[in-house]
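> Have a look at this fold, sequence not included:
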């Protein structure tokens, strides 16, 4: 299964996303994803040293600035 | 709803945008957005430590340099 | 009006452009722009702490390295 | 053999991937790769100073943020 | 004239190119350029504090990592 | 000759490649290159202060993260 297809299987679940920049890790419910890995997350939190910090609500993430994403088990 | 469609629903509202670079956060009224997430904002302000700082007026943001955007509630 | 169309309306006027990298701000007359926001500026100056510094003359800017551009009023 | 074809030959094997950002090296089993070098890895570990550190499980890596990848021999 | 066309007019002349990264400025004779602003330069020098430093000979520059280019007058 | 064509002429020869990130220079035999400048190198070494350091063997480099490449004469 191609990587972008794998991401589609995560819709509706909680994922962690590491963004470019200052070690920016987010956690939220994946609402949608497109072929560029642009993502729409809900109930999003910033994760600082493994702990939920600032609540961000509904956010759009630009695919090219995503380093890595993974399911939260 | 795809992420870029979700952004279309925010046109006419106030959004926050985090850009690449030195923790560059902007807030302004979303005038338009295209499929690359290039954005046109009006009444734009730089946000420093959560507070409106420098007024920037009308700005064009290059989509690939957007980390994250979200509605201001 | 889409963001790239908005940029077309700025041709012939003075704009400020913030580039990626070490807080690199330029000001010059917009000669042309394409769909990628590649820009050709004339009479370009580097702006340091809000003041015109080094004169750069005619420059081509690569669109993907533009953070933000705005008209100079 | 084109570089992206070469990557296809590595599917099912263990690879190391160096990502952009803070000297971020990962090691895992390559499950799939597409033409953009987006990758799906399983049994992924972060590598710190040549040693397996944090376990990351199943991860999706965005192709444009990959610096370099190589087979683990 | 579109920015990429403008670059075509510089073929055969000496240009300066500012690359991403550690304030990396190069100067050389532009041999060719494509629509992505990938460049082939000959007789290339690294420019440090405005002075020709290391000689690099023939180099290929990846367009997306070019911040700015300009003719040397 | 377009820049990407020029790169094709280097296949089978030793090249140096400067990657994004921490002044990352590699040297190896160019096995293949595509239109995006994704590269496959063999017998690859990391170059530190002009000297061959860590041996990396067979590596795939993502084109958009290449700053510059040049033949080793």
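Arrived safely. Since we're looking at a predicted model, the values are computed, not measured.

> so what's the most centrally placed residue in chain A up against?
In chain A, the C-alpha nearest the mean C-alpha coordinate belongs to residue A:17, at 3.7 Å (Cα atoms, centre = their mean). Residues near residue A:17 by Cβ atoms under 8 Å, 6 or more residues apart in numbering or on different chains: A:25, A:26, A:27, A:28, A:39, A:41, A:61, A:66, A:68, A:69. No exception for glycine: its C-beta is placed from N, CA and C like everyone else's.

> And the fourth one, which helix or strand is it part of?
This means residue A:28. Residue A:28 is part of strand A:24-33, with elements assigned from DSSP states H and E.

> And the next helix or strand past that strand?
Where DSSP H and E defines the elements, the next helix or strand beyond strand A:24-33 is strand A:39-48.

> Tell me where chain A is predicted with low confidence.
For chain A, residues meeting the criterion pLDDT under 70 lie at A:22-23.

> quick one on the thing from earlier: elements contacting the strand holding residue A:28?
Counting by 3 or more Cβ pairs under 8 Å, 6 or more residues apart in numbering or on different chains; DSSP states H and E, the packing neighbours recorded for strand A:24-33 are helix A:3-8, strand A:14-19, strand A:39-48, strand A:51-61, helix B:3-8.

> just checking, what packs against the following helix or strand past the fourth one?
Secondary structure here is assigned by DSSP H and E; on that basis, the next helix or strand after strand A:51-61 toward the C-terminus is strand A:66-71. The elements that strand A:66-71 packs onto, with contact taken as 3+ Cβ pairs under 8 Å, 6+ apart, are strand A:14-19, strand D:51-61.

> What pairs with strand A:66-71, parallel or antiparallel?
Note on strand A:66-71: by DSSP bridges, its sheet partners are strand A:14-19 (antiparallel), strand D:51-61 (antiparallel).

> Let me know which of these is tucked in deepest.
strand A:14-19 (a mean of 20; mean count of other Cβ atoms under 10 Å in any protein chain shown).

> and that strand with strand D:24-33, angle?
120 degrees (axes from the mean of the first three to the mean of the last three Cα atoms, to 10 degrees).

> Residue of chain A nearest chain F, please.
residue A:64 (9.3 Å; Cβ to the nearest Cβ).

> from the chain's centre, how far out does the strand holding residue A:28 sit?
From the chain centre to the centre of strand A:24-33 is a distance of 3 Å (Cα atoms, centre = their mean, to the nearest Å).

> Please enumerate residues in contact with that strand?
Contacts for strand A:24-33 (Cβ under 8 Å, 6+ apart): A:4, A:7-8, A:10-19, A:39-48, A:52, A:56, A:59, A:61, A:72, B:1-3, B:6, B:67-68.

> circling back to that earlier point, could you dump the helices and strands packed on strand A:24-33 into JSON lines and include distance to residue C:32?
Shown next, in JSON lines, are those (distance: least, Cβ to Cβ, whole Å):
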{"stretch": "helix A:3-8", "distance to residue C:32": "35"}
{"stretch": "strand A:14-19", "distance to residue C:32": "33"}
{"stretch": "strand A:39-48", "distance to residue C:32": "34"}
{"stretch": "strand A:51-61", "distance to residue C:32": "30"}
{"stretch": "helix B:3-8", "distance to residue C:32": "27"}
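
> For the residue of chain A closest to chain F, give me its contacts.
Residues counted as contacts of residue A:64 (Cβ under 8 Å, 6+ apart) are A:36, A:37, B:64, D:62, D:64, D:65.

> residues contacting the residue lying closest to the second one once chain neighbours are set aside?
Which is residue A:37. Closest residue in space to residue A:37, ignoring its immediate chain neighbours: residue A:63 at 3.5 Å, by Cβ to Cβ, 6 or more residues apart in numbering or on different chains. Residues counted as contacts of residue A:63 (Cβ under 8 Å, 6+ apart) are A:34, A:36, A:37, A:38, A:39, D:62.

> Narrow those residues to those that are buried.
A:34, A:36, A:37, A:38, A:39, D:62 (16 or more other Cβ atoms under 10 Å in any protein chain shown).

> From the residues you listed, pick the one nearest chain C.
In terms of Cβ to the nearest Cβ, no member of those lies closer to chain C than residue A:36, at 14.1 Å.

> Quick check: phi and psi at that closest one.
Dihedral pair for residue A:36: phi -90, psi 0, per degrees, to the nearest 10.
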